[in-house]
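**Q** output the structure for:
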Amino acid sequence: MLYFFAAAALGERIPDTQFLKVPYFVIAGIAWAFPSKHLMAWMNAEPPEKQPAPDRD
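**A** Prediction:
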């Protein structure tokens, strides 16, 4: 979500020409997929097995 607001705020600072805005928003629209790929892999990974607790005598 933070990426969305940052990309939009930065996009507002680009001069108002289609030659600059279109490539920026195409790149910004695709760039979020690279970090999210790792996030999705981490999110879907199997959790590690828990170690049994040691006996307390």
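**Q** remind me which residues of the chain are low pLDDT?
**A** 1, 57 (pLDDT under 70).
**Q** can you pull out the strands in it?
**A** Using DSSP state E, the chain contains no strands.
**Q** scan it for its longest helix.
**A** If you go by DSSP state H, the chain has its longest helix at helix 18-31.
**Q** by contact count, what packs against it?
**A** helix 2-12 (3 or more C-beta pairs under 8 Å, 6 or more residues apart in numbering; DSSP states H and E). Yep, even glycine has a C-beta here, placed from its N, CA and C like the rest.
**Q** the spatially closest residue to Tyr3 that is not a sequence neighbour and Ala53: what is the separation?
**A** Leaving aside its sequence neighbours, Tyr3 sits nearest to Trp32 (C-beta to C-beta, 6 or more residues apart in numbering; 5.3 Å). Trp32 sits 41 Å away from Ala53, taking C-beta to C-beta, to the nearest Å as the criterion.
**Q** could you do Ala9 as well?
**A** Taken as C-beta to C-beta, the span from Ala9 to Ala53 is 49 Å.
**Q** more neighbours: the two, which one.
**A** When neighbours are counted by other C-beta atoms under 10 Å, Ala9 comes out ahead of the other of Ala9 and Ala53, with 9 against 6.
**Q** show me the contacts for the more buried one.
**A** By C-beta atoms under 8 Å, 6 or more residues apart in numbering, no residues touch Ala9.
**Q** near Ala7, how many other residues are there?
**A** 16.
**Q** can you tell me which residues contact it?
**A** Ala7 touches 28, 31-32, counting by C-beta under 8 Å, 6+ apart.
**Q** please apply the same query to Ala41.
**A** Ala41 neighbours (C-beta under 8 Å, 6+ apart): none.
**Q** do you know how far it is from Phe34?
**A** 12 Å.
**Q** circling back: neighbours around the residue nearest to Tyr3, how many?
**A** Counted with other C-beta under 10 Å, Trp32 comes out at 12.
**Q** pretty sure it sits against Ala6.
**A** No. If you go by C-beta atoms under 8 Å, Trp32 and Ala6 don't touch, sitting 10.3 Å apart.
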